[in-house]
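A.B. asks: give the three-dimensional model of this entry:
(2 chains)
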Amino acid sequence: MRCGLPHSWPWADSVPAVDIHNVSQTFGHGELAVQALKPTSLAVEAGELVALLGPSGSGKSTLLLAISLIQPPTTGRIVIDGQTLYDEGPTGVDVRAFRRRNIGFIFQQHNLIPFLTALENVALMLQINGVSRRESTRRAKDLLGTLEIGHRAHSLPAQLSGGEQQRVAIGRALANEPVLILADEPTAALDTQRGTRVMTMLRQIARERRSAVIAVTHDHRMIEGFDTVYHLEDGRLARVDHHEQVDEAATA
Amino acid sequence: MELALKDIRRHLGKFLATIAGVAMLLAIVLVMNGIYQGNIEDGVWLIDNTGTDLWVVERGRGGPFNEASRIPLDSYKSIAATPGVARASPLALYTAQREINGRDQQFTVIGYDIFGGAAGKTGEIGNGGPGRIVQGRSITAPHYEMVADRKLGLQIGDRVPLGTDHYNVVGITSGAVDSGGNPLIYLALADAQKVQFEQDKRAISAAAAANLQRLDKAGYSPEQAARLLPLLASGTNNINAVLVTLAPGADGSAVAAHIRDWLYFNVYTTTEERNLMLEGKLSRMSAVLGLFRTLLILVSIVIIALIVYVLTIEKIRSIATLKLIGAPNGLIVRLIMTQSMLLTLASFALAYALRDLIAPGFPRTLAFVAPQTALTFAVMLVGGVLASLMAVWHALRTPAQLALGG
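C.D. replies: The predicted model follows:
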């Protein structure tokens, strides 16, 4: 099943930021083999927010790991920003370096480095991409300001609330202006108010910076914030809702 | 960004406490090194200090340090008459325990001929006289003077009761100890013999009465018994060894053979005496200390390895996150290696300082040998590096997806 944007979508004619074709994931061999993800295809445009929705074991995290090539798929092709990272096997691209430059991650538990301040956590992402200390600090400060958390720049993660930590994590994910942001349950650890605020910010900044966002979630409260929702069931893509349908589903 | 230093800064108290703990353990290792070497140096110091060429002891004995050796005092004169002998000095030594400065203290008494024996000069090396005098002088008067090691807590001018007499402290030594680390007291030979053999008056009277009774039973008249009595009194004219200085150009082995064959004594060169000490009395203690030291080093390495490993495990989720966001391996390796090396180096530096702090008040001689300290440092450093490599290996094997786990 291949899913893409409806023709009414404003970026429908552009080249997708992420193009996943027939990606599947099988764990184990022979009789013990389990196909956790059946051949799945999807495309995500720059600035588009996509949710992978489904119950536990539906294959959404497996798909996320496959897209980031943290756990390469068994079959399929993965193209991000026009670069083929995987085509029925590794293509020789330095995946870790690619991730460093082009992909931002947001985690359920924020996963900030506990001994670095909010500012240092964001600046680290820039510094590992070769940005100088001074420039990375300046840009990290700007980003935290945009995320309305500039006043907590010198606080350690443990001194921040869950919502503030998640905004710092978003700042880190956006710091290198990635093509793609992968989020794993980004609002699961937050209450509705904080979760909504975080999603609003993520959507706004992703749109401004033209970053595609793919988020794994089973938080139905947040799906109205997404442009497209892919419903996964038993390792396969069962249904796709585009923004009008998403709004309807959220209203319902 | 130097992640290791940032981490240390955030957990400074914990890191310093860890360093303090490891440093104390390493300080024990260094002190053990000192005890090990000190044991050997103490053991042979007395032998080396005499500076003699030959040691003459009782026939068939390995004395005077490893085994009791008793020879008649006058025998040193016969030894002095041996061809090739420049000087022969009698030496007495024994362990004693007395109350000194208000507490029971064990020490070894060295009785030497302050006049240099059958030939020679007063107080010179070769007659078994004191070395390492740091205050006062050597013994010059034939009686009632002593030189004592500072471990006994005595001062120049103190009067120390030994047996029935008091002895004036005229010299203080530092580090003059026997093979067991006990401080030495030097006395003139006659004084040393008196302290060793003199009985109190009650015991002397009892012995005399018993002897008179035996002579009476044997049929001696009271006059005859009175004349014979001094001959039956226990002898106090024994010594433990004779120190021989060879005449210039004399063949030591020929002199030794002569003394062995004609005077019926055992003779050892200083090297042989040292070997007797090292292979006999000191060997077991050295083996125990050596084993203990090796075990301590191994324990220290294991503890450092565990600490480095735990420091890494504590950060494993952060490491997984770093891997996931694409941080290069070098950053992770540097994080672990820097902390591990800082821990090892800072601990060793503190241990070194602690060792120097402990040494002056330590009850035994601590002898620190630079190559041994360097070797310990190298072993600890290698241990630290191996522990780091183990932690690095673990960190690099950590799957990035661990960061995604709830």
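A.B. asks: shaky segments in chain A?
C.D. replies: Filtered on pLDDT under 70, chain A yields the residue ranges A:1-14, A:243-252.
A.B. asks: show me where it has helices.
C.D. replies: Per DSSP state H, chain A carries helices over the ranges A:60-67, A:95-102, A:118-127, A:133-146, A:162-175, A:192-209, A:243-251.
A.B. asks: what's in contact with the fourth one?
C.D. replies: Counting by C-beta atoms under 8 Å, 6 or more residues apart in numbering or on different chains, helix A:133-146 makes contact with A:118-120, A:122-124, A:126-127, A:131, A:150, A:152-153, A:167-168, A:171, A:174-175, A:205, B:1, all of which sit outside it. All C-beta atoms are positioned from the backbone trio N, CA, C, and that covers glycine.
A.B. asks: identify the residues contacting the residue nearest the centre of chain A.
C.D. replies: Nearest to the geometric centre of chain A sits A:Leu182, at 1.6 Å (C-alpha atoms, centre = their mean). By C-beta under 8 Å, 6+ apart, the contact list for A:Leu182 reads A:Leu64, A:Ile67, A:Ser68, A:Ile103, A:Gly104, A:Phe105, A:Ile106, A:Ile214, A:Ala215.
A.B. asks: hmm, 7 Å instead?
C.D. replies: A:Leu64, A:Ile67, A:Ser68, A:Ile103, A:Phe105, A:Ile214 (C-beta atoms under 7 Å, 6 or more residues apart in numbering or on different chains).
A.B. asks: all the strands of the stretch 1-150 of chain A, in order from the start?
C.D. replies: A:2-3, A:18-27, A:34-44, A:49-53, A:75-80, A:83-87, A:103-106 (DSSP state E, counting those that start in this stretch).
A.B. asks: so which of those strands gets nearest chain B?
C.D. replies: Proximity to chain B, assessed across the strands of the stretch 1-150 of chain A by C-beta to the nearest C-beta, is greatest for strand A:103-106 (5.7 Å).
A.B. asks: excluding its backbone neighbours, what's nearest the residue of chain A found nearest chain B?
C.D. replies: Across chain A, no residue is closer to chain B than A:Arg100, which sits at 2.7 Å (C-beta to the nearest C-beta). Closest residue to A:Arg100 apart from its sequence neighbours, by C-beta to C-beta, 6 or more residues apart in numbering or on different chains: B:Gly326 at 2.7 Å.
A.B. asks: please tell me how far the one you found sits from A:Ala66.
C.D. replies: 17 Å (C-beta to C-beta, to the nearest Å).
A.B. asks: quick one on the thing from earlier: reformat the strands of the stretch 1-150 of chain A as a markdown table; add distance to chain B and mean neighbour count.
C.D. replies: Below are the strands of the stretch 1-150 of chain A laid out as a markdown table (distance: least, C-beta to the nearest C-beta, whole Å; neighbours: other C-beta atoms under 10 Å in any protein chain shown):
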| stretch | distance to chain B | mean neighbour count |
| --- | --- | --- |
| strand A:2-3 | 24 | 15 |
| strand A:18-27 | 12 | 19 |
| strand A:34-44 | 13 | 20 |
| strand A:49-53 | 13 | 25 |
| strand A:75-80 | 13 | 20 |
| strand A:83-87 | 13 | 17 |
| strand A:103-106 | 6 | 26 |
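A.B. asks: so is the nearest residue to B:Gly181 once chain neighbours are set aside in a helix, a strand, or just coil?
C.D. replies: Spatial nearest neighbour of B:Gly181, chain neighbours left out: B:Arg364 (4.5 Å); criterion: C-beta to C-beta, 6+ apart. Following DSSP: H, G, I helix; E, B strand; the rest coil, we place B:Arg364 in the coil state.
A.B. asks: show me the contact partners of the helix or strand hosting B:Ile319.
C.D. replies: Element membership of B:Ile319 [criterion: DSSP states H and E] is helix B:316-324. Helix B:316-324 has contacts (C-beta under 7 Å, 6+ apart) with A:70, A:105, A:111, A:113-114, B:331-332, B:395, B:398-400, B:402-403.
A.B. asks: just checking, what packs against the very next helix or strand once past it?
C.D. replies: Downstream of helix B:316-324, the next assigned helix or strand under DSSP H and E is helix B:329-358. Counting contacts by 3 or more C-beta pairs under 7 Å, 6 or more residues apart in numbering or on different chains; DSSP states H and E, helix B:329-358 is packed against helix B:3-10, helix B:12-50, helix B:282-314, helix B:316-324, helix B:370-397.
A.B. asks: angle of the shortest one against helix A:118-127?
C.D. replies: It refers to helix B:3-10. Relative orientation of helix B:3-10 versus helix A:118-127 (axes from the mean of the first three to the mean of the last three C-alpha atoms, to 10 degrees): 180 degrees.
A.B. asks: can you give me the angle helix B:3-10 makes with helix B:329-358?
C.D. replies: 50 degrees.
A.B. asks: ok, now the third one?
C.D. replies: Orientation check (the same axes, to 10 degrees): helix B:282-314 against helix B:329-358 gives 140 degrees.
A.B. asks: equivalent analysis for the fourth one, please.
C.D. replies: For the pair helix B:316-324 and helix B:329-358, the angle between their directions (the same axes, to 10 degrees) equals 140 degrees.
A.B. asks: likewise the last one?
C.D. replies: Between the axes of helix B:370-397 and helix B:329-358, defined by the same axes, to 10 degrees, the angle is 150 degrees.
A.B. asks: buried ones in helix B:370-397?
C.D. replies: Judged by neighbour count using 16 or more other C-beta atoms under 10 Å in any protein chain shown, the buried positions of helix B:370-397 are B:372-373, B:376-377, B:379-380, B:383-385, B:387-388, B:390-392, B:395.
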